[in-house]
Each structure stands twice: as structure tokens, then as C-alpha cells.
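J.: Predicted model follows, preceded by the sequence.
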Amino acid sequence: MSVHSSANIKRITTHILQEMKDRGEKISMLTAYDYSMAKIVDAAGIDIVLVGDSASNVMAGHETTLPITLDQMIYHASAVVRAVKRSFIVVDIPFGNYQGNSSEALRSAIRIMKESGAHAVKVEGGAEIKESVIRILSAGVPVMGHLGLTPQSIYKFGTYTVRAKEEAEAAKLIEDAKILEQCGCFAIVLEKIPASLAKKVAETVNIPVIGIGAGGGVDGQVLVMHDMLGITQEFKPRFLRQYADLQKIMTDAFTEYIRDVKSQDFPNESESY
Ligand SMILES: Nc1nc(=O)c2c([nH]1)NC[C@@H]1CN(c3ccc(C(=O)N[C@@H](CCC(=O)O)C(=O)O)cc3)CN21
Ligand SMILES: CC(C)C(=O)C(=O)O
Ligand SMILES: [Mg+2]
């Protein structure tokens, strides 16, 4: 089956996401980086699947999101696309593949759309990347913005502390959100900023605003799947709610398997030919 076929399932579109904001239904979003996990989260009814560049941390073990490449993002995205039947699939354009050169930004977005079959791209930044955003949108590729804590520029700030607490930074963030909306972005992610500011942004722009560490006054929430499942045990920021302890469940399963192999309990007769 082609990645573009719809087979009777009503797919989420940017139009449906806008309707959700307009009627006050909150939008749910989680990351996924591979086929098996994407299949489960899509079947559970998630609205948006984000193939985040957090794959750099979660999948590859890098300290930041900076090292992941466009080819690697396309590899993750194409696996997710093969699994997802209903959700809207957004892919982060990685660091270095869109900033400062709108032609390269367009080329990167087109590669992601053409080679993975995803539905939209996400980019970090406001005014600084305006030309890139406009160029991508001009090709008909939906763009999601990302403001506040922007991990691709971590070395400019040096820490992952809460952003836009100062009045000047808050004012710039609101301006950036307006710019992204005017450019034609279909939604904006706000990461780790005061809840009051995030609420103000969600009330200022008409497009959906999805928060992570941005409080409950926005139009939806996003988390990294492995964080909310309790797989990434070392990552425990205050905004994270852990919905399962998969590390414990997995460790117990592995321990039991190892014990059964050593004791020759596994395999038994019914598990043999
Ligand atoms: N596993 C994972 N989850 C994420 O949410 C995530 C990634 N990786 N990688 C890319 C970015 C980086 N993100 C981050 C990174 C750190 C904090 C954070 O709050 N870190 C510290 C506080 C640091 C400080 O205050 O100086 C913490 O409390 O854990 C938040 C979001 C969000 N993204
Ligand atoms: C944390 C979310 C918003 C993200 O950009 C990612 O997972 O890469
Ligand atoms: Mg990201």
C-alpha cells in the first residue's frame, strides 16, 4: 500500500487541528521515531505524531539534538509513516538544514515530504528563520513553528532553563508567534516558558499552540514518548508527567528471561520443534 493511500480512515489534517482549537478541544501530541511505537500511539488515538530531533538523544544517545542528520530524520520518519493510519505526522528539520538559507530549507523540507511521506515539518525560531518558513510554505508544505526553549540553539544559551521570564524576551516571543502565524504556519510549539505567557500567545494567535512545559492555557500538549513511558529515567523535568514505568517493566522482563535461559527453564518442550 502506498504511503499516500487513505483506505477509509479519516486522517487528521491541519484543517481538523484548527477546528479543534476553534471549538476548544485540546490537541494531543507525542513523539515517535520507529514503526512499532508509532503503530501503538496512532492506534491509541493521538492527534499528532512528532518525529522529533529528540531522536538524537532518545534513539542515538547524543547529549543534544544537534548531531542528528537529515538522512537520519528521514529514516525515522519513513518508519513512522509506514505505521500511522490516522494521526497527523510532523517531522523536525534538523539543525543546520534550514537556518540561514531558504533554498536549503526548501530542499530539506521537500526531501522529508518526498522520501518519508510525512505531512508537515517543524522548525525552531521566529524572525531569524522567516525567509526559510515562507519558502517552505510556498511549496505547499505545512510548517509548525517552535519557540521558547529551542534545543537546537542550546549553545547560545548554555542551559535548558525556563525561557522568556524577562519582559523583553517575552515581547520578542509574542512578536515571533505573530510572524509565524502571518507567514502561514499551521501551529506553534511553545517549550518551557511561563504558563501566563504561553496562554497569552494562544489567545493572541488564531492557530493552535501546543505546549511542553508551557502550562494548561494552550491548545494542546506534547511530550517525548520515552519520557512519559518512564524509559528515559535520567530526564525528570518538572513539566514531565510519567504515565508508566516501562523501565521497571522491561528490566523485570529481561531479568526473568536471563534467569530462565541460565536455568534452562526456557525453552520448554512446547516452545521447541
Ligand atoms: N528525552 C528528551 N525529552 C525531551 O523533552 C527533549 C529531548 N529529549 N531532547 C530535545 C529536547 C530538549 N528538551 C529539554 C531538555 C531539558 C529540559 C530541562 O528542563 N532540563 C533540566 C533543567 C535544566 C535547568 O534548569 O538548567 C531538568 O529539570 O531536567 C527541558 C527540555 C526537550 N526535548
Ligand atoms: C520536544 C519536542 C517539541 C521536540 O521538538 C522534539 O521531540 O524534538
Ligand atoms: Mg525537536
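T.: Arrived safely, thanks for sending. As the structure is a prediction and not an experimental result, all values here were calculated from the model. Ligands and ions are numbered 1, 2, ... in the order given.

J.: Please, where are all the helices along this protein?
T.: 14-23, 35-43, 55-58, 70-83, 102-116, 130-138, 154-157, 167-183, 195-204, 225-228, 246-262 (DSSP state H).

J.: what's the closest of those to Ser270?
T.: helix 246-262 (14.0 Å; C-beta to C-beta). (Each C-beta comes from the backbone N, C-alpha and C, glycine too.)

J.: is any part of the closest one close to ligand 1?
T.: No. Helix 246-262 stays clear of ligand 1 (C-beta under 6 Å from any ligand atom), getting no nearer than 13.0 Å.

J.: Can you name the residues that contact whichever residue of the stretch 101-250 of the chain sits closest to ligand 3?
T.: Here the stretch 101-250 of the chain gets closest to ligand 3 at one residue, Pro151, 6.0 Å apart by C-beta to the ion. Listed by C-beta atoms under 8 Å, 6 or more residues apart in numbering, the contact set of Pro151 reads Asp53, Ser54, Thr64, Thr65, Glu124, Tyr160, Glu191.

J.: mind running it again at 10 Å?
T.: 52-54, 56-57, 64-66, 92, 95, 124, 157, 160, 191-192 (C-beta atoms under 10 Å, 6 or more residues apart in numbering).

J.: follow-up on the earlier one: dump the helices of the chain into JSON lines; add distance to ligand 3 as well.
T.: Shown next, in JSON lines, are the helices of the chain (distance: least, C-beta to the ion, whole Å):
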{"stretch": "helix 14-23", "distance to ligand 3": "18"}
{"stretch": "helix 35-43", "distance to ligand 3": "16"}
{"stretch": "helix 55-58", "distance to ligand 3": "9"}
{"stretch": "helix 70-83", "distance to ligand 3": "10"}
{"stretch": "helix 102-116", "distance to ligand 3": "14"}
{"stretch": "helix 130-138", "distance to ligand 3": "16"}
{"stretch": "helix 154-157", "distance to ligand 3": "11"}
{"stretch": "helix 167-183", "distance to ligand 3": "16"}
{"stretch": "helix 195-204", "distance to ligand 3": "17"}
{"stretch": "helix 225-228", "distance to ligand 3": "13"}
{"stretch": "helix 246-262", "distance to ligand 3": "22"}
